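Visitor: I'd like to go over a predicted model; first the sequence, then the structure.
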Amino acid sequence: MPGKFFVVFSAIEFKLALSLANTFFDLNANLSGVVEKMPFQEKLENFVHAQVMGMHKDEVHYQRCFDWYSKADVIREARNRFAHGRWAFLLHEPHIAHVAGYPDGKQSVLPLSIEDLSDLVEAVIEVNEGLERIVNKFD
C-alpha cells in the first residue's frame, strides 16, 4: 500500500508540474523550466494561485480549488513523513510502523493499521481525482 500511495502522489506532482509549465509557458517561455526546480508545496501553491486568478468569478470552481488544496496539503505532509523514514513490523501487534529519524538522533514511530494505510491510499486517490476535475473543470 505505501507503494500505491507514492505512485499516485507522483502522478499528482507530474500533473501539477505539467499544468504549471503550460501556464508559465503561456506567460513567458523562459519560466517553464522553473517548475522542475520547485518543491511540491510550491507547485501546489502556484497551481491554486493560477487557478484562482483564471476563474473569472466562478464561485464553485473557487471553492473546489480551496477544498482540494486543503486535502492535497494533508497528503503532502504524509508523503514528507513517509519519504524520510523506514517501514518496520511491530511484533505481536497488527500494525506496520513508520519510523522517522531526526538529526538529534531521536526517532518517532507511527503505528499504522492496514485500514489506516488504506485510508491514506484512498485520500491520495481522491486528491488525484479532484485535481482532474479542477484541471478539466468538470464535476
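Guide: Structure received.
Visitor: Can you give me the neighbour number for the residue lying closest to Gly101 once chain neighbours are set aside?
Guide: Excluding the flanking residues, the one nearest Gly101 by Cβ to Cβ, 6 or more residues apart in numbering is Gln107, at 5.1 Å. For glycine as for every other residue, the C-beta is placed from the backbone atoms N, C-alpha and C. Taking other Cβ atoms under 10 Å as the neighbour definition, Gln107 ends up with a count of 11.
Visitor: next one: Ala72
Guide: So Ala72, with other Cβ under 10 Å, has 25 neighbours.
Visitor: in terms of contact, does it touch Asn128 like I think?
Guide: No. Assessed by Cβ atoms under 8 Å, Ala72 is found out of contact with Asn128, at 9.4 Å.
Visitor: can you list residues touching both of those two?
Guide: Ile12 (Cβ atoms under 8 Å, 6 or more residues apart in numbering).
Visitor: Look up how far Gly105 lies from Arg79.
Guide: Distance, Arg79 to Gly105, using Cβ to Cβ, to the nearest Å: 24 Å.
Visitor: of the two, who's got more company?
Guide: When Arg79 is set against Gly105 and neighbours are counted by other Cβ under 10 Å, the residue ahead is Arg79, at 19 against 6.
Visitor: Can you give me the buried ones in the strand or helix carrying the more buried one?
Guide: Arg79 belongs to helix 59-83 when elements are defined using DSSP states H and E. The neighbour-count check on helix 59-83 (16 or more other Cβ atoms under 10 Å) flags 61, 64-65, 68-69, 72-73, 75-76, 78-79, 82 as buried.
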